[in-house]
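> Fold the following.
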Amino acid sequence: MRARRFPAKSSNAWLPLGAGLPSPVSALFRRADGSLVVRAAIPQSTGGNVSMLLAWNGVVWLPVVFPTNGSVDGLLDLANGDVVVHGTFTTAGGVPAQGIARWSGSTWSPLGAGVPPGQGIGRVLELQNRDLLAIGSFGSIGGVQTRGIARWDGAAWHALGGGAANVVSDAIELANGDLLALGGFQLSGGFVSGVLRWDGAAWSVVGDAVGGGAVAMLRLVNGDLLVGGAFTGMGGVPAAGIARWNGSVWSPVGAGCAGLILALANAGAGDIAVGGTFTRIDGAIATNFARLVSLCPATVASLGSGCAATGSPSVYAATAPAWLGATYRARGSNLPEPAIAAVVTGFQTTSIPLAQLLSPSPSGCTLLVVPDFGELALVTADVYDTSVAVPNVPTLVGVVLHQQLLFAELDANAVPIRSSSTNGLTVTIGAF
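This next block holds a predicted model:
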């Protein structure tokens, strides 16, 4: 077993992105291609500021422009390739659309009657059932009286209970379909400001996860909650502007931020993008924008190659890396079927022709992993998904494992006729 050492105090570090931005970053959006888009108020040569969307191309920030008659304050790439934009416009591509519109790749269309003039949508999320969730400072949307939060089912807008008491600044969907929203809500016991949970029927307070001054939140790869804003502590724990909730207790994130955090977003590879009004974060120089990166990242590398009796070789690839407290996932594709699959996992690699172990086997089929443990499954399609829950045990950080799929291909009578294999994967457990 091999393991990497990591810093005792923190497994994360703050990094600037380029020279930062001269203006406060009020929102962050991650596009389908993995690129980041920020919303910032850019000073104009004629005076004043203009709210703009900017994308980082790896070197500089570039404007993101849409054919609307007003500003676009945010965007969302949908799973089907469509794009939803929201802002202070009344038309998109010449089509009437009050503050929110959808681009199909060929045409623009409104999402109902939208929001009244002077009211705004801060963010739109796509839910697991493909409905959309809008949050912001609106008091009604699509003619429905609901404050701060509403759901679009593809045809109409719907309230979530009585809505919020004021602005909803952020929201996330949990794996079970429940929603977490950050804002002020009027519950039966009185007014509550902080993180609340919608279970499909009612709003409730999330344990001790309530605190004034929080305006942004993000679910980390292991399920922890990260919140940012203008506060000096959470749940009685000192934390400057950014804090982490593990479901039981709050903890600070380094020395925090000497300023205001307004936005949080996944930046890919487990990194977190942070926007706001600041010049330093955790002591590192960063102007209004920074990345929080793991010093112990979860990584996956391909090992060797797969084989096949006919056609293209079978391929094994990770779909979610092995983060501490999360679930590692991988998918085998272009597989023989029907077949009995062996998921082989071990701490060491090898290179033994499969024909020496499980004859007959096509040329190029190789056992790449020394089997320490494994499992069997019946494969009846040309894809097969595997998953392993990674315990939240710090001593596992840096552990390196190797994994491969082996197959006993079956004939019509379920009799094994030959063996084959995929490439292997070298998996390093990481922490954030």
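
> and the lengthiest strand in the chain, average pLDDT?
What stands out as the longest strand in the chain, according to DSSP state E, is strand 416-428. Per-region confidence: strand 416-428 scores 95 on mean pLDDT.

> Am I right that Met217 sits in a strand?
Yes - according to DSSP: H, G, I helix; E, B strand; the rest coil, the state of Met217 is that of a strand.

> how close does it sit to Ala355?
Taking C-beta to C-beta, to the nearest Å as the criterion, Met217 is separated from Ala355 by 54 Å. (C-beta placed from N, C-alpha, C; glycine too.)

> And those two? Which one has more around it.
Neighbour comparison, Met217 and Ala355: the larger count goes to Met217, with 22 against 16 (by other C-beta atoms under 10 Å).

> Quick check: that one touching Met234?
No - the criterion here is C-beta atoms under 8 Å, and Met217 misses it with Met234 at 11.4 Å.

> what sits in contact with each of those two?
Contact criterion C-beta atoms under 8 Å, 6 or more residues apart in numbering; residues shared by Met217 and Met234: Val227.

> returning to that earlier point: give the pairing partners of the longest strand of the chain; include direction for each.
strand 299-303 (antiparallel), strand 400-410 (antiparallel) (DSSP bridges).

> In JSON lines: the ones you listed, plus distance to Val37 and mean neighbour count.
Putting those into JSON lines (distance: least, C-beta to C-beta, whole Å; neighbours: other C-beta atoms under 10 Å) gives the following:
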{"stretch": "strand 299-303", "distance to Val37": "26", "mean neighbour count": "16"}
{"stretch": "strand 400-410", "distance to Val37": "35", "mean neighbour count": "23"}
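
> Switch these over to a markdown table; also include distance to Gly142 and mean pLDDT.
As requested, those are arranged in a markdown table below (distance: least, C-beta to C-beta, whole Å; pLDDT from 0 to 100):
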| stretch | distance to Gly142 | mean pLDDT |
| --- | --- | --- |
| strand 299-303 | 43 | 97 |
| strand 400-410 | 48 | 96 |
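
> Show me the one of these that comes nearest Ser35.
Closest to Ser35 of the strands paired with strand 416-428 is strand 299-303 (C-beta to C-beta; 21.3 Å).

> then that closest one to CSV, C-alphas only?
Output of strand 299-303 as CSV, limited to C-alpha atoms (Å, rounded to 0.1, in the frame of the first residue of the first chain):
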residue,chain,number,x,y,z
THR,A,299,-6.7,11.3,-9.2
VAL,A,300,-7.4,8.5,-11.7
ALA,A,301,-4.9,7.3,-14.4
SER,A,302,-5.4,4.6,-17.1
LEU,A,303,-3.3,1.5,-16.8
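
> for the helix or strand following that strand, packing partners?
With elements assigned by DSSP states H and E, the helix or strand that comes after strand 299-303 is strand 315-320. Packing partners of strand 315-320 (3 or more C-beta pairs under 8 Å, 6 or more residues apart in numbering; DSSP states H and E): strand 327-333, strand 400-410, strand 416-428.

> what about these, which gets the closest to Ala32?
Closest of those to Ala32 is strand 327-333, at 19.1 Å (criterion: C-beta to C-beta).

> so Pro394 makes contact with Ala431?
Yes - the pair formed by Pro394 and Ala431 meets the contact definition of C-beta under 8 Å, at 7.1 Å.

> which residues do those two both contact?
Listed contacts common to Pro394 and Ala431 are Leu324; contacts here mean C-beta under 8 Å, 6+ apart.

> and those two? which has more neighbours close in?
Applying other C-beta under 10 Å to Pro394 and Ala431 shows that Ala431 carries more neighbours, namely 24 against 12.

> before we move on, the earlier item: relative to Val205, tell me which of the helices and strands packed on strand 315-320 wins on proximity.
Nearest of those to Val205, taken as C-beta to C-beta: strand 327-333 at 27.5 Å.

> export that closest one as PDB, just CAs?
The C-alpha trace of strand 327-333 is given here as PDB (Å, rounded to 0.1, in the frame of the first residue of the first chain):
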ATOM      1  CA  THR A 327     -18.400   7.500  -3.800                       C
ATOM      2  CA  TYR A 328     -15.900   6.400  -6.400                       C
ATOM      3  CA  ARG A 329     -17.600   5.500  -9.600                       C
ATOM      4  CA  ALA A 330     -16.400   3.900 -12.900                       C
ATOM      5  CA  ARG A 331     -17.900   2.600 -16.100                       C
ATOM      6  CA  GLY A 332     -16.900  -0.200 -18.400                       C
ATOM      7  CA  SER A 333     -18.000   0.200 -22.000                       C
END
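
> Next secondary structure after it?
Read in the C-terminal direction, the helix or strand following strand 327-333 is strand 339-346, with elements assigned using DSSP H and E.

> elements contacting that following strand?
Packed against strand 339-346 by the contact rule (3+ C-beta pairs under 8 Å, 6+ apart) you find strand 366-369, strand 373-379, strand 400-410.

> let's go with 10 Å and repeat that
Helices and strands touching strand 339-346, as assessed by 3 or more C-beta pairs under 10 Å, 6 or more residues apart in numbering; DSSP states H and E, comprise strand 327-333, strand 366-369, strand 373-379, strand 383-389, strand 400-410, strand 416-428.

> Serialize those to CSV and add fields for distance to Asn12.
Output for the helices and strands packed on strand 339-346, formatted as CSV (distance: least, C-beta to C-beta, whole Å):
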stretch, distance to Asn12
strand 327-333, 20
strand 366-369, 31
strand 373-379, 31
strand 383-389, 22
strand 400-410, 21
strand 416-428, 17
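
> so which of those gets nearest Tyr316?
With C-beta to C-beta as the measure, strand 416-428 is the member of the helices and strands packed on strand 339-346 nearest Tyr316 (3.8 Å).

> which residue sits closest to Thr91, ignoring its sequence neighbours?
Sequence neighbours aside, Asn69 is the residue nearest to Thr91 in space, at 4.8 Å (criterion: C-beta to C-beta, 6 or more residues apart in numbering).

> Pop the domain breakdown of this structure in here.
According to automatic domain parsing, the chain is divided into the following domains: 12-294, 299-428.

> which stretch in those is the model least sure about?
Within the domains of the chain, the least confident segment by mean pLDDT turns out to be domain 12-294, at a mean of 90.

> Now do the end-to-end distance for that one.
The separation between the terminal residues of domain 12-294, taken as C-alpha to C-alpha, to the nearest Å, is 4 Å.
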